[in-house]
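In: Sequence first, then the predicted structure, then my questions.
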Amino acid sequence: MTSFNDLKQYNKILLLFLLILCVSSLLAPLIKIATDMLVSKSDLMADLLNYKHGGYDFGKVMRRIILAVAILIIFLFRKSLMINSLSTIGIKHTTGWWEHLQMGFFLSTGIFILYTSFLFIMGTKILEVDAKSLADLFFQLFKILLIAGLVGCIEEIFFRGFILQSFLRDMHTVSAVCAGSLFYSLLHFFRVKLLVSPGFQPFIGFEVIYQSFAKLLINFNTSMPTIIGIFLVGVVLSYACLRTNSLYFAIGLHAGWIFLIKTNILLFDHVGTNFRWLFGDSKVVTGVLGWGLLVITLFLVRFVTKALSSETISCSAAKLQSNNPSLPLPRRE
């Protein structure tokens, strides 16, 4: 009988994914009891879960449960998954890590600003600031920046640090990147809005899981443009990870995209046009123009990481030469 440790990494990922869904569904009814009590007493919880008329969105709660269970199970199975340390998943001290983080953020935001400016000029977007005052606008921008950094870090650790690195153990690089990016894309549709009222519901977790899969299958054709767009995002982020052999550049890219996407919603309103195939919709990566910019970003990642690598080598050589004056500096070709 084959043991868990003898399985291929991608088979381990599949089994753990099913285990995470099962454990989350079993815990969901118990967590719902606690949420029922909190949502009626806490204004913060009521706002987060859209508590109105005695009901709230349990789909949001379920996504947090799944995230927490995933972190716990990955930690418990870390030895079987060959996660020996943070460096295994790309979180390690490397020369120039801060520069990689910054450059990733500025690259993604720069591309996105050009994209949004073009849509604004074409009339696809109109300026409509959703803020009560200038102080409120700055507060919301600061909150968005924090959220972007946190989400970018968590998702990169999970998808590129864990999923991609696991696939790379048993697959060729291209296959691993494609499989990891498809998994990343499809999981973005693993969400459903399910309004519930207070009370014990023993199968609420399984219901959310079922409706999430059903929604993806039923709306698969209409969701295809977004699936393609997020798949390309995954490819760009995976390539950034492979080029730098760490997660920092990918985290910067990811955080920059999230920051500008949420800022875009705050500042602009999307206007539908007859050229949806070209401009996409409010989800940004659903049109040919957005896909093209992601492909351009892929080439820019190669160019920028090559430049950063050369600069890092020069700085290291200069430091070595300063400590050993007799050593000549290497010539850059």
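Out: The structure has been received and is ready for your questions.
In: Which positions in the helix or strand hosting I33 come out as buried?
Out: Using DSSP states H and E, I33 sits within helix 9-39. Going by neighbour count (16 or more other C-beta atoms under 10 Å), the buried part of helix 9-39 is 9-10, 12-13, 16-17, 20-21, 23-25, 27-28, 31-32, 35-36, 39. Where you see a C-beta, it was placed from the backbone N, CA and C, and this is true even at glycine.
In: after that helix comes which helix or strand?
Out: Past helix 9-39, the next helix or strand by DSSP H and E is helix 43-48.
In: so how far is that next one from its chain's centroid?
Out: Distance of helix 43-48 from the chain centroid (C-alpha atoms, centre = their mean, to the nearest Å) equals 24 Å.
In: Which strands or helices does the helix holding I33 pack on?
Out: Counting contacts by 3 or more C-beta pairs under 8 Å, 6 or more residues apart in numbering; DSSP states H and E, helix 9-39 packs against helix 43-48, helix 58-76, helix 165-170, helix 204-218.
In: for the third one, what is the average pLDDT?
Out: In this model, helix 165-170 has an average pLDDT of 87.
In: contacting residues for C153?
Out: Contact partners of C153, counting by C-beta atoms under 8 Å, 6 or more residues apart in numbering, are I251, A255.
In: Wait, a helix at it?
Out: Yes. The assignment for C153 by DSSP: H, G, I helix; E, B strand; the rest coil puts it in a helix.
In: gap between it and I74?
Out: 15 Å (C-beta to C-beta, to the nearest Å).
In: Where does D269 sit, in terms of helix or strand?
Out: Short version, using DSSP H and E: D269 is in strand 268-270.
In: Pull out the buried residues from the very next helix or strand once past that strand.
Out: Later in the chain than strand 268-270, the nearest helix or strand by DSSP H and E is helix 276-279. Neighbour-count burial for helix 276-279, counted by 16+ other C-beta under 10 Å, picks out F279.
In: where are the low-confidence patches of the stretch 1-150 of the chain?
Out: For the stretch 1-150 of the chain, the stretches with pLDDT under 70 are 1-2, 84-93.
In: wait, which of the helices and strands packed on helix 9-39 is closest to D130?
Out: Checking these against D130 by C-beta to C-beta gives helix 43-48 as the closest, at 15.6 Å.
In: Kind regards, and thank you for your time.
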